[in-house]
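> okay, sequence plus prediction incoming.
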Amino acid sequence: MPAHPDDRTPSSRGGDGSSGESGPISVQRAIGPDAEPLGAHRHSDTHAIRSGQGQALETARYTEREVIAVGGSSVVVRAYDKDIFRDVAIKILDPARTSDGSEVNRFAEEARINGQLEHPSIVPIYELGVDQLGRQFLCMKLVRGETLEETLHRLGDRRLEPVHLAEHLQVFVKVCDAVSFAHSRAVLHRDLKPRNIMLSDFGQVYVLDWGIARLRARGAAHEGPPVRVSAGESEHSELDPPGSLVGTAYYMAPEQLRGKHDELDERADVFALGATLYQVLTGQPPLTPEMVRAIWIGKDMPAIAPPERLASTGSVPPELSRIAMKAIALDAGKRYASVADLKRDIEAFQRGAWDLPRVRFPAGAIILREGEPGDSAHVVVEGRCIAYRGSGEEEVVLRVMGPGEVFGETAVFSHKPRSASVKAATDVVLTVVTGEVLSKALGLNSWMGAFVKALADRFREADERLRDLLAPGRSWPRRAAHAPSLAEDTDKATTAAGAELLQAIASPDSAASALPRIAFPAGSVIVVEGEPGDAAYVVLKGRCAAYRGEGASESEVRALGPGDVFGETSVWSGKPRTASVRATTDVVVLSVARDVFSAAAGLDSWMGIFVKALAERFRETEERLVEVGGQAAGVAFGANK
């Protein structure tokens with residue numbers, strides 16, 4: 001069914017803002033000491049809207065069946081469409097309001113704005129008309145189901161159970177899509193809340209009640225055909241009078257509560273969506289009557305309590321709490337700049353672990369120490385960190401890391417001590433990902449996990465080689481000392497990582513059992529330097545050689561035997577291949593396409609960030625090896641393909 005028709009504070013267009021027993025509750029009443037929750041309304045007499053005679057809707061096309069909802073200025077009924085043989089929802093404007101031209105214009109604008117927003121999660125408008133008694137009506141799709149508010153109330157504390165929370169977030173993402181679409185057409189909803197989100201019986205989600213939606217001021221950016229609200233070329237809604245209160249106060253951004261209509265932009269709807277998410281997490285909207293009163297009269301207000309303080313201990317994921325609190329920041333400049341940005345963080349949360357803790361370090365604090373066991377990795381959320389080796393006068397800075405960059409993952413993946421220290425260059429906030437979480441998320445005991453561990457081992461090997469080459473006072477090594485020839489490497493035993501990978505692939509339960517095996521005769525070129533990396537490979541039988549250049553300039557990089565992998569770095573990093581690989585004997589390789597990697601390792605997820613970072617660091621290290629080794633001895637070191 002459609003939304004309750006007048007479940008919000010009245011604007012100056014709807015009367016003087018006073019609250020009567022039969023009208024919606026005004027802000028003045030709602031912020032009183034004995035206020036009822038805003039959004040509640042008292043049912044007005046249906047007959048008052050249907051005219052003094054209490055006559056039901058009856059037109060040549062529609063016959064009323066039952067009343068769905070009643071508000072102060074309109075009633076919504078279920079009616080039968082005699083032409084198409086279907087039930088529809090019809091919103092009827094109170095005849096007493098027709099003398100107020102602005103109220104009639106608002107009703108028409110609702111139809112026109114809603115009707116031009118063609119989106120799967122916005123209820124379609126069929127007709128704007130007048131019945132036999134001269135009452136304006138709006139005919140729309142009849143949506144069956146329950147509102148998000150009803151769902152949350154029905155579930156109670158169970159709403160935070162993983163299965164229900166996951167469903168609520170799916171709903172929330174669809175709502176974000178609909179609101180983002182409206183924003184792309186320069187339309188602000190201005191009354192988003194759980195009661196205006198309908199969950200239908202078959203999975204559809206609808207954003208309801210566009211009755212106070214407005215177009216942004218002329219010149220506001222939009223995409224697609226402009227939304228029009230009049231018969232002329234007007235693409236501009238008349239703004240509500242300054243100071244008038246339009247919306248539902250407990251979900252309204254401060255600028256909207258203060259009636260600053262000319263200042264409203266997409267961030268007002270971001271606040272309402274954040275308030276909706278807050279209610280999903282806590283069971284109540286973020287603003288209390290005291291807070292509303294303080295905002296309204298310009299006084300300092302109590303801080304909004306983080307969701308985890310209002311819910312059962314540990315039941316609110318910290319990251320989801322952070323997202324909600326950012327969305328409902330009282331300062332519009334500190335909120336998400338757009339609904340798309342809010343949605344992006346929700347989707348990242350959905351793809352990742354729900355309970356990753358955050359830690360803060362002051363500038364100068366040592367976060368990781370070289371040589372310590374690697375039991376966790378980190379993502380920089382705020383501030384900057386420095387990775388370095390040594391101490392005192394011998395300290396060597398390796399890299400500076402900012403928001404979105406990761407560190408510590410190599411030691412976790414390889415199960416080796418940390419190869420560098422990290423300290424906070426500024427005050428920093430970090431997400432902590434334990435080895436256990438990484439293992440579960442990637443499946444480090446699976447064939448894909450073995451791929452990543454092999455990459456981590458090769459990165460450490462390359463890193464140690466580079467460290468040896470750059471060590472003070474060290475003479476440049478001859479080639480044979482650090483890069484055995486293919487002949488010398490022929491009898492090299494399969495590495496521990498390679499043996500683990502072969503065992504994982506051979507397991508009958510492994511998803512890799514369905515991947516294609518390809519045979520190449522000796523001398524075949526399998527991958528070519530400079531080509532896009534669309535697949536990676538595991539050597540199952542025989543031997544291969546990685547090399548750079550061709551002809552007289554060709555230089556060997558690495559010998560590859562059973563259990564060794566190649567090609568994965570360019571797949572993970574998205575960069576062209578930096579070496580060629582040929583079969584030195586007849587070989588059989590397992591081919592892993594990019595889309596298989598993406599699905600198995602979650603390359604678009606938070607886990608993918610770690611894998612990509614590892615691939616990028618390996619790539620940088622081996623390129624540095626080529627540079628340093630080549631300068632010193634005309635030798636190319638490394639193993640990136």
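Now that the structure is in, tell me what you want to look at.
> contact partners for Val525?
For Val525, the contact set (Cβ atoms under 8 Å, 6 or more residues apart in numbering) comprises 580-582. Bear in mind the C-beta positions are built from the backbone N, C-alpha and C, glycine included.
> out of the residues you listed, which is most surrounded?
Counting by other Cβ atoms under 10 Å, Val581 has the largest number of neighbours within the contacts of Val525, with 27 neighbours.
> make a markdown table out of the contacts of Val525 and add pLDDT and secondary structure.
Shown next, in a markdown table, are the contacts of Val525 (pLDDT from 0 to 100; DSSP: H, G, I helix; E, B strand; the rest coil):
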| residue | pLDDT | secondary structure |
| --- | --- | --- |
| Ser580 | 93 | strand |
| Val581 | 94 | strand |
| Arg582 | 95 | strand |
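> what is the nearest of those to Gly408?
Closest approach to Gly408 among the contacts of Val525 (Cβ to Cβ): Val581, at 30.5 Å.
> so the closest one touches Arg548, yeah?
No. Val581 lies out of contact with Arg548 (Cβ atoms under 8 Å); the separation is 10.7 Å.
> can you list the buried residues in stretch 159-169?
Neighbour-count burial for stretch 159-169 flags 159-160, 165, 167-169 (criterion: 16 or more other Cβ atoms under 10 Å).
> can you list contacts of that stretch?
148, 151-152, 155, 158, 280-281, 283, 311-312, 315-316, 346, 349-350, 354.
> kindly recompute the last result at 10 Å.
With contacts defined as Cβ atoms under 10 Å, 6 or more residues apart in numbering, stretch 159-169 is touched by 148, 151-153, 155, 158, 194, 199, 203, 276-277, 279-283, 307, 311-312, 314-317, 320, 346-347, 349-350, 354.
> mark which of the residues you listed are buried, thanks.
Here, 16+ other Cβ under 10 Å leaves 148, 151-152, 155, 194, 199, 276-277, 279-283, 307, 311, 316-317, 320, 346, 349 buried among the contacts of stretch 159-169.
> and for the closest residue to Val205 other than its chain neighbours, the neighbour number?
Counting by Cβ to Cβ, 6 or more residues apart in numbering, Lys174 is the residue found nearest to Val205 once chain neighbours are left out, at 4.1 Å. Counted with other Cβ under 10 Å, the neighbours of Lys174 add up to 21.
> quick one: secondary structure of Lys174?
What DSSP: H, G, I helix; E, B strand; the rest coil gives for Lys174 is helix.
> out of the contacts of Val525, who's nearest Val538?
Set against Val538, the nearest of these by Cβ to Cβ is Val581 (12.2 Å).
> per the record, what domains does the protein have?
According to automatic domain parsing, the chain comprises the domains 12-351, 358-428, 443-633.
> circling back to that earlier point, mind listing which of the contacts of stretch 159-169 are in strands?
Here DSSP state E is the test, and the contacts of stretch 159-169 give Leu199 as lying in strands.
> let me know the pLDDT of Ala601.
According to the per-residue confidence, Ala601 scores 51 in pLDDT.
> repeat that for the one 10 residues further on.
According to the predicted model, the pLDDT of Val611 comes to 68.
> same thing with Ala48?
The confidence metric pLDDT takes the value 51 at Ala48.
> need the buried residues of stretch 159-169 in TSV (columns: secondary structure and pLDDT).
Below are those laid out as TSV (DSSP: H, G, I helix; E, B strand; the rest coil; pLDDT from 0 to 100):
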residue	secondary structure	pLDDT
Arg159	helix	91
Leu160	helix	87
Leu165	helix	88
Glu167	helix	90
His168	helix	94
Leu169	helix	93
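> make a markdown table from those and add distance to Asp595 to it.
Below are these laid out as a markdown table (distance: Cβ to Cβ, whole Å):
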| residue | distance to Asp595 |
| --- | --- |
| Arg159 | 35 |
| Leu160 | 34 |
| Leu165 | 29 |
| Glu167 | 27 |
| His168 | 30 |
| Leu169 | 25 |
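> do I have it right that Leu330 meets Met252?
No. Applying Cβ atoms under 10 Å, one finds Leu330 not in contact with Met252, separated by 11.4 Å.
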